[in-house]
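1. any chance you can model this:
(one chain, ligands or ions: 1)
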Amino acid sequence: MPQIAYLGPAGTFTEQATRSLTGDFDAELVPFETVPLALAAVRRGEVLAAGVPVENSVEGSVPATLDALTTDEPLVAVQETLLPVQFDLLVRPGTEQRAIRTVASHPHALAQVREWLAANLPGAEVRATSSTAAGAAAVAAGEFDAAISAPVAVEHYPSLARLVGGIADVRDAVTRFLLVRRPGKLPEPTGADRTSVCAVIGDEVGSLAELLAELSLRGINLSRIESRPIKDRFGEYRFFLDFDGHVADARIGDALTALRRRCSTVRFLGSYPKADKSPASVRETASEQAFRLSAQWVEDVRAGRLA
Ligand SMILES: O=C(O)C(=O)C[C@]1(C(=O)O)C=C[C@@H](O)C=C1
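-> Model prediction:
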């Protein structure tokens, strides 16, 4: 049975998302303390793939995941899923709200309950843990008074009780997760796919605008752009781009060849079916047929068959 890594311990949002990403095959889920450690296990071939959080509708991207995808050997996403995120306040039974002095959780979770904490636990000290479930485990071990956890966490930590449920500042928050593997056979195009790349461009007038123009000129819908510092040189950035379409589509292949020419580095991070299954809208001039006919026309001109 294939082993699949996830950000653990049991009871994280990532565990739930990874179960859904691996729903159509038998898999053994293996917890790791951090996303970089989970991805390192994929790179070493110890596990087949890893489920990782990539972006949240309230707090934005998950920097640990973006950084870990671009350092070391390439990995590619083969699937994505969206998970609604709600939060509960877990305590050891008998703890009263006014007695809570420390609250622990993952920084992304803490950011999503900031207003609730300010209004309801103004004096409590906030402590970051490696995941929401790690916060719950630490409360169970007596290290902190309360944890902000996924609603499923209470099933994994029977010594804890839900003191308050549904404490997210934004009710309909969603986190996007990816299933990431070593490069290999790509998922088949479905007509409702997303392609993710990471590109490094020079610090020159118009370089980002020109890169984006390569997409818009081919009728490609950009769904996300994010920059992260390159780390070893101040003021230089990696751009993470998500756009509609599959690398097997003519317009995407054509755009990627242009990006490859323009950028000092382009890392392909995967072409995979979109979780919401919304088909890409492709204008007539960017259709497969338009690309095929125009490439054929150039062939004919080069071969002296046309003028
Ligand atoms: O700590 C967890 O439970 C996670 O799965 C991580 C994570 C994240 O990285 O954003 C996942 C979803 C929520 O947005 C909060 C935390």
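
2. only C-alpha atoms from now on, for both contacts and neighbour counts.
-> OK.

3. what about the helices in the stretch 201-307 of the chain?
-> Listed in chain order, the helices of the stretch 201-307 of the chain (DSSP state H, counting those that start in this stretch) span 207-216, 250-262, 288-302.

4. so which of those gets nearest the ligand?
-> The closest of those to the ligand is helix 207-216. By C-alpha to the nearest ligand atom, the value is 27.6 Å.

5. who are the packing partners of that closest one?
-> Judged by 3 or more C-alpha pairs under 8 Å, 6 or more residues apart in numbering; DSSP states H and E, helix 207-216 is in contact with helix 250-262.

6. export the helix it packs on as PDB, just CAs?
-> C-alpha atoms of helix 250-262 as PDB (Å, rounded to 0.1, in the frame of the first residue of the first chain):
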ATOM      1  CA  ALA A 250      -1.200  24.200 -27.100                       C
ATOM      2  CA  ARG A 251      -1.600  27.700 -25.600                       C
ATOM      3  CA  ILE A 252      -0.100  26.600 -22.300                       C
ATOM      4  CA  GLY A 253       2.900  24.900 -24.000                       C
ATOM      5  CA  ASP A 254       3.400  27.900 -26.100                       C
ATOM      6  CA  ALA A 255       3.300  30.300 -23.100                       C
ATOM      7  CA  LEU A 256       5.700  28.100 -21.200                       C
ATOM      8  CA  THR A 257       8.300  28.100 -24.000                       C
ATOM      9  CA  ALA A 258       8.100  32.000 -23.900                       C
ATOM     10  CA  LEU A 259       8.500  32.000 -20.100                       C
ATOM     11  CA  ARG A 260      11.500  29.700 -20.400                       C
ATOM     12  CA  ARG A 261      13.100  32.100 -22.800                       C
ATOM     13  CA  ARG A 262      12.400  35.200 -20.700                       C
END
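
7. which residues touch that helix?
-> Outside helix 250-262, the residues within contact range by C-alpha atoms under 8 Å, 6 or more residues apart in numbering are 199, 201, 211, 214-215, 218-220, 245-247, 266, 286-288, 291.
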